[in-house]
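*Asks:* Sharing a model that was predicted from the sequence below.
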Amino acid sequence: MELPPWHKVVTPRKDLREGKPIDASEFAIHLDQVVERRAPEDYQNPERFFEKTYLTEGLLELCAEVLRCLSGEVVGASPVINLTTPFGGGKTHALTLLYHLAKSGEKALSYQGVDKILKKAGLETVPEIKVVVFVRPSKKERA
């Protein structure tokens, strides 16, 4: 079976369709920049962040597991999750996604893809929780 070309399956974002150059630095982000509102708007604004994030099966499963745990579920939800990916593997992107999801609570129901996350988690709503973020200082800051 031959697979169709990717561009016939997924429509690229408008900026990509228009051939605008991509600045790779806009994709490098730190969670503390999001929390402290120093990140680019696409990372700070949860609605825009969800619009520009493709929810892979891995992200769906991660978000569903976290939401189940935050909802008090003990079956199928681990209180400790080890994110192991190489540099550039999406760890901070996943953490930013979880940050916005948890921080937004019920407001997240209007974000693109949250319905899929809730379906995967077997939940009807995003739990209301308080969010605390611990960010390890960089080597430069620790010196």
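*Replies:* Sure, I can see it.
*Asks:* Name the helix or strand for the residue nearest in space to the middle of the chain, please.
*Replies:* Here the mean C-alpha position of the chain is nearest to the C-alpha of Leu97 (Cα atoms, centre = their mean), at a distance of 2.2 Å. Using DSSP states H and E, Leu97 sits within helix 91-104.
*Asks:* so what does that helix touch, helix or strand wise?
*Replies:* Applying 3 or more Cβ pairs under 8 Å, 6 or more residues apart in numbering; DSSP states H and E, one finds that helix 91-104 contacts helix 31-35, helix 46-51, helix 57-70. Quick note: C-beta positions are derived from backbone N, CA and C, even for glycine.
*Asks:* Any chance of the ones you listed in TSV with mean pLDDT and mean neighbour count as columns?
*Replies:* TSV is the format used below for the helices and strands packed on helix 91-104 (pLDDT from 0 to 100; neighbours: other Cβ atoms under 10 Å):
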stretch	mean pLDDT	mean neighbour count
helix 31-35	90	18
helix 46-51	94	18
helix 57-70	91	18
